[in-house]
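1. Whatever this is, show me its structure:
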Amino acid sequence: MRITKAETFVLHVPITPPITDAINAATHWGLAGIRIYTDEGYVGYGYTGTCAEGDDMIVDTIEKYYVPLLIGKDPFMVRALWDEMRYGKMHWIGRAGITHMALAAVDIALWDIMAKASNKPLWQYLGGAKSQGIKAYNTNGGWLNWSKERLLQDVAAIVEQGFTGVKIKVGKPDPREDYDRCKAVRQEIGDDVIFMIDVNQQWSLNTAMTWGKKLEEFDLFWLEEPLNPDDILGHKKLADELNVPIALGEHVYHKYAFRDYIHYGAVEYCQVDVTRVGGITEWLQVAGLAAAYDVQICPHVGDMGQIHQHLVAATQNATMLEYIPWIRHIFVEPATVRNGYYALPEMPGASTEIIPEQFQKYRVR
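-> Numbers count the residues shown, from 1 in each chain. Here you go, the predicted model:
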């Protein structure tokens, strides 16, 4: 099999209503991606997720620096292609961020081709570690721009739908408001529902030490992204001080940073995101590294769960998956949660193929 053609795309799918966390505001979710064609008729779809900003830079990188390396190559040589792209011309100016998000999109499309050619869903092609559904926790009711009343209504509805875990955003200018919202949510959902909070990097170490301690009374399952994601030593200090586990990975772009986080005990739930590290190839390496330290994988879903559902189902130390339903309606086989569990995909591939009508509807480039 050989790659004959590749074309990039950008889709912008509306988020209704618009949302904010402590660092971002978004009206659309962006998919900056690629379709890779082969001489045997298989087409691989890969994409990375954005807040609909910077997509042009991602696809420009793919078009100019990665696509020329693909034409005529065997997609089953995915790891060799990954090395060629990773250590190619873009290595000099960027080993994270845009270049890795672009690499992720290409890598995902290659794995989609391999799974389709093998006539298996990706989770089976990767070996399969779980034959039942994957436990889901819901993030979509806890946005920072929600009023307290709306927040409580949404988390109550999430629990009614069968989810056994909810996550809300914190990071208000006055942490006392965060405390009040967390207290109200715990009272609303009861003691048996898993409760996480996400700071989106907005606290200093001193603030995290103080308010992380105060918020422990609400039996938090984890404290997510409390500090700058480049501050490994700060996270280690925080992990040593707090009883609540530290979760992060959304803004960690390569296996070497994950290695240091894990080795120094600075992270306790590894949220490695396949669209931020260099795709499935590097995601699997991080998952294996975490397994050697008995660290659990609970991915951040920049892909909105489409690809991660396969990776979690194929990984022994991956225990749970975030759920945000913004873009599921555009896919041929959408990620589906029933009674709090992801249903395992059945179609061959990585669940990245987009319905043609939806592709054209939301395509902006």
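
2. List the contacts of residue 175.
-> Contact analysis of residue 175 by C-beta atoms under 8 Å, 6 or more residues apart in numbering lists 203, 207, 210-211. Placement of C-beta: from N, CA and C, glycine included.

3. swap the cut-off to 7 Å and go again
-> Counting by C-beta atoms under 7 Å, 6 or more residues apart in numbering, residue 175 makes contact with 207, 211.

4. Please apply the same query to the one 10 residues further on.
-> Contact partners of residue 185, counting by C-beta under 7 Å, 6+ apart, are 151-152, 155, 168, 195.

5. ok, and the most crowded of those?
-> Among the contacts of residue 185, the one with the most neighbours (other C-beta atoms under 10 Å) is residue 155, at 25 neighbours.

6. Averaged pLDDT, the helix or strand harbouring that residue. What do you get?
-> If you go by DSSP states H and E, residue 155 is part of helix 148-160. Per-residue pLDDT over helix 148-160 has a mean of 97.

7. List the contacts of the helix or strand just after it.
-> Once helix 148-160 ends, the next helix or strand along the chain (criterion: DSSP H and E) is strand 165-169. With C-beta under 7 Å, 6+ apart as the test, strand 165-169 has contacts from 21-22, 137-139, 141-144, 151, 155, 158, 181, 185, 189, 193-198, 200, 320.

8. I'd like the contacts of residue 185 written out as a markdown table, with distance to residue 60 added.
-> Conversion of those to a markdown table gives the following (distance: C-beta to C-beta, whole Å):
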| residue | distance to residue 60 |
| --- | --- |
| 151 | 39 |
| 152 | 44 |
| 155 | 40 |
| 168 | 36 |
| 195 | 41 |
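
9. out of those, who's nearest residue 99?
-> Nearest to residue 99, judged by C-beta to C-beta, of the contacts of residue 185 is residue 168 at 32.4 Å.

10. For that closest one, give its distance to residue 8.
-> Per C-beta to C-beta, to the nearest Å, residue 168 is found 35 Å from residue 8.

11. what's the answer for residue 317, then?
-> Using C-beta to C-beta, one gets 34 Å for the distance from residue 317 to residue 8.

12. likewise residue 316?
-> According to C-beta to C-beta, residue 316 and residue 8 sit 35 Å apart.

13. who's more crowded, these two?
-> Applying other C-beta under 10 Å to residue 316 and residue 8 shows that residue 8 carries more neighbours, namely 23 against 12.

14. Tell me if the more buried one really is in a strand.
-> Yes - with DSSP: H, G, I helix; E, B strand; the rest coil as the criterion, residue 8 is located in a strand.

15. just to revisit the earlier point, mind checking which of the contacts of strand 165-169 are in helices?
-> Residues of the contacts of strand 165-169 located in helices (DSSP state H): 151, 155, 158, 181, 185, 189.

16. Redo those as a markdown table? Include distance to residue 249.
-> Formatted as a markdown table, the ones in helices among the contacts of strand 165-169 follow (distance: C-beta to C-beta, whole Å):
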| residue | distance to residue 249 |
| --- | --- |
| 151 | 25 |
| 155 | 24 |
| 158 | 23 |
| 181 | 24 |
| 185 | 23 |
| 189 | 25 |
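
17. Residue 31: which of the residues you listed is nearest?
-> Using C-beta to C-beta, these come closest to residue 31 at residue 158, 24.9 Å.

18. what's around the closest one, how many residues?
-> Count around residue 158 with other C-beta under 10 Å applied: 24.

19. so what's it up against?
-> Contacts for residue 158 (C-beta under 7 Å, 6+ apart) come out as 138, 141, 166.

20. what about the strands in the stretch 201-350 of the chain?
-> 222-224, 246-248, 269-270, 296-297, 321-323, 337-338, 341-342 (DSSP state E, counting those that start in this stretch).

21. Which strands or helices does the second one pack on?
-> Meaning strand 246-248. strand 222-224, helix 232-241 (3 or more C-beta pairs under 7 Å, 6 or more residues apart in numbering; DSSP states H and E).

22. Please repeat the previous calculation with a cut-off of 6 Å.
-> With contacts taken as 3 or more C-beta pairs under 6 Å, 6 or more residues apart in numbering; DSSP states H and E, strand 246-248 sits against strand 222-224.

23. I'm done for today, thanks for sticking with me.
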